[in-house]
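[1] generate coordinates for the sequence data below:
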Amino acid sequence: MFKILKKIIPKSVFQFFQPTYHYLLAFLGALIYRFPAQKLIVIGVTGTKGKTTTVELVNAILESTGYKTALQSTLRFKIAKKEKRNLFKMSMPGRFFMQKFLRDAVTAGCSHAIIEMTSEGAKQFRHKFIHPDALIFTNLAPEHIESHGSYEKYLQAKLSIARELESPKKKFMKKVWPVSTRRSEDFLKEPFSLGSVIIANTDDKEGKKFLALNIQNKIPYSLNDAINVKATEKGSSFQLGKLVVHSKLPGIFNVSNMLGAIALAKFMNIPDEKIKKGLEDINFIRGRMEKIENNLDIDIVVDYAHTPDSLMAVYGTYNSHMKIAVLGNTGGGRDTWKRKVMGEIADKYCDQIILTNEDPYDEDPRKIIEDVKVGITKKQVEIIIDRREAIATAIKKALTIKKESGDKYKVAVLITGKGTDPYIMEAGGKKTPWDDAEVAREELQTILNK
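    Below is the predicted model:
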């Protein structure tokens, strides 16, 4: 319906009434599903990077404490023990979907809902009537600039999510946090009111703007809070007060994500042993630095990295390896500014680069790749449009290097840009089912069988 209206109504008229249209749909969805957010503790996570991981970390801590949770993210939808993959190609689906999801969570007896909240969702008022009780801000980097119009508008969209916590919105019933206490063996029987809370990463330059909002509780977090920090491609560890965490999640960026989750958990008075258990029980997160297991002594890694900062973080985590990049990272019709930049980053950090297709939509994939290639001036680069062939070629190159060099080099194939994206989006609305990790496993097995 929205697309039809957009075609038949003059652009200026459509843009004028668009906010009202989106707001009314959000209200109607909440009304139909009887304002389910009123009966849940809603925890939002927003930022450019780390949202999906932080949602999973918060969920793991809450589950380790004994709470029944619902979770919505780019990766999956989970209500209590039931889950399904997110196939929408959007982190925050439509207003009716969100309200039904929350209602189903209430029906299932969940106490908390952890939700990935996006600027694109905020543009269309998908965050309205969700009424978060807590929000974790991870970081902000330029993204969706063409969609929002400017970086400042992108920032304001993120801040609009946080402003939902500025005044009490839980009008239909008194909300209390079911909070664990160190004085009780039963972590689920002492609910009391804590009010809303914003938790913001002050390592990011925009963190202070989130903490400046009129929200009852404000909690900053930073990598400087932790001591004995170690982060490699094999995992990470750190100490925060008396809490010592040894995580299987690699990279310094995951330490930051964990600190955000810990800040919320401590606000809820969840004991350190429950926090530690929740964090250390996570072996990996699909599509986020996901390793493709093999016994060939090479690292094959799939990651969603689609911004310059996140791409640098992935490559930096494997700084002791010879790196073969499978690089797409720039979908058609948006964020064209970053194409050359992504090429420059691969040129700086990687030894060999394969440029390939990602999500061209209606743009010529060859043109996108050539725009990325402009940034590559020093390293060996190969263009392979077919993404499956590109992944297979990268694995073959890694195996060849390993065979010829023995233990001289540690070798990593780094497949970035799509993570768990379920489709390659092509011209005319065509959607090709896809999963980088599954394709990598299939191609690895094919190579081994030969």
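[2] quick one, domains of the chain?
    Domain ranges of the chain: 2-280, 290-449, per automatic domain parsing.
[3] can those go into TSV with extra columns for mean neighbour count and mean pLDDT?
    For the C-beta atoms, the positions are set from N, CA and C on the backbone; glycine is no exception. TSV is the format used below for these (neighbours: other C-beta atoms under 10 Å; pLDDT from 0 to 100):
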stretch	mean neighbour count	mean pLDDT
domain 2-280	19	86
domain 290-449	19	93
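[4] how long is stretch 304-321 end to end?
    Using C-alpha to C-alpha, to the nearest Å, one end of stretch 304-321 lies 20 Å from the other.
[5] one more: stretch 356-369?
    By C-alpha to C-alpha, the extent of stretch 356-369 from end to end equals 7 Å.
[6] ditto for stretch 105-122
    Stretch 105-122 stretches 22 Å from its first residue to its last (C-alpha to C-alpha).
[7] for it, the distance to its chain's centre please.
    Per C-alpha atoms, centre = their mean, to the nearest Å, the displacement of stretch 105-122 from the mean C-alpha position of its chain is 15 Å.
[8] which SS state does K153 fall under?
    helix (DSSP: H, G, I helix; E, B strand; the rest coil).
[9] K218 and I198 touch, don't they?
    Yes: assessed by C-beta atoms under 8 Å, K218 is found in contact with I198 at 5.5 Å.
[10] intersection of neighbour lists for these two?
    Jointly contacting K218 and I198 under the rule C-beta atoms under 8 Å, 6 or more residues apart in numbering are L211.
[11] which helix or strand contains V55?
    Using DSSP states H and E, V55 sits in helix 51-65.
[12] and if you look at A265?
    Taking DSSP H and E as the criterion, A265 maps to helix 252-267.
[13] ok, residues contacting the following helix or strand past that helix?
    Note on helix 252-267: by DSSP H and E, the next helix or strand toward the C-terminus is helix 272-280. Contact with helix 272-280 is made by 57, 60-65, 180, 187, 241-248, 258, 261-262, 265-266, as judged by C-beta under 8 Å, 6+ apart.
[14] residue ranges of the strands in the stretch 151-300 of the chain, please?
    Remark: strands assigned in the stretch 151-300 of the chain by DSSP state E, counting those that start in this stretch are 177-178, 191-192, 197-201, 217-221, 227-232, 235-240, 243-247, 290-291, 299-303.
[15] elements contacting the fourth one?
    Using 3 or more C-beta pairs under 8 Å, 6 or more residues apart in numbering; DSSP states H and E as the contact criterion, the neighbours of strand 217-221 among helices and strands are strand 197-201, helix 207-211, helix 252-267.
[16] and of those, who's closest to P360?
    Nearest to P360, of all the helices and strands packed on strand 217-221, is helix 252-267, at 28.0 Å by C-beta to C-beta.
[17] can you name the next helix or strand after the helix or strand in which V381 is found?
    Here V381, judged by DSSP H and E, is contained in strand 380-383. Once the chain leaves strand 380-383, the next helix or strand it forms, by DSSP H and E, is helix 387-405.
[18] mind checking which helix or strand I115 is in?
    strand 112-116.
[19] what is the helix or strand just after that strand packed up against?
    Moving toward the C-terminus from strand 112-116, the next helix or strand (DSSP H and E) is helix 119-123. Contacts defined by 3+ C-beta pairs under 8 Å, 6+ apart place helix 119-123 against helix 145-148, helix 151-162.
[20] circling back to that earlier point, same list, the strands of the stretch 151-300 of the chain, but as JSON lines with distance to K378 please.
    What follows is those, written out as JSON lines (distance: least, C-beta to C-beta, whole Å):
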{"stretch": "strand 177-178", "distance to K378": "54"}
{"stretch": "strand 191-192", "distance to K378": "59"}
{"stretch": "strand 197-201", "distance to K378": "33"}
{"stretch": "strand 217-221", "distance to K378": "38"}
{"stretch": "strand 227-232", "distance to K378": "26"}
{"stretch": "strand 235-240", "distance to K378": "31"}
{"stretch": "strand 243-247", "distance to K378": "35"}
{"stretch": "strand 290-291", "distance to K378": "28"}
{"stretch": "strand 299-303", "distance to K378": "23"}
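[21] quick one, which of those is nearest to L25?
    Nearest to L25, of the strands of the stretch 151-300 of the chain and by C-beta to C-beta, is strand 197-201 at 26.7 Å.
[22] strands paired with the closest one, and their directions?
    Its sheet considered, strand 197-201 pairs with strand 134-137 (parallel), strand 217-221 (parallel) by DSSP bridges.
[23] could you dump those strands to a markdown table with distance to G316?
    Putting the strands paired with strand 197-201 into a markdown table (distance: least, C-beta to C-beta, whole Å) gives the following:
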| stretch | distance to G316 |
| --- | --- |
| strand 134-137 | 23 |
| strand 217-221 | 21 |
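[24] nearest to T48, of those?
    Across the strands paired with strand 197-201, T48 has its closest neighbour in strand 134-137 (10.1 Å, C-beta to C-beta).
[25] starting at the chain centroid, how far to stretch 49-68?
    Here the centre of stretch 49-68 is set off from its chain's centre by 13 Å, with C-alpha atoms, centre = their mean.
[26] now do stretch 403-415
    The chain centre lies 29 Å from the centre of stretch 403-415; the measure is C-alpha atoms, centre = their mean.
[27] how long is it from one end to the other?
    Stretch 403-415 end-to-end distance (C-alpha to C-alpha) = 21 Å.
[28] which outside residues touch that stretch?
    Under the criterion C-beta under 8 Å, 6+ apart, residues 233, 298-303, 314-315, 318, 320-326, 350, 391, 394-395, 397-398, 401-402, 436, 440 lie in contact with stretch 403-415.
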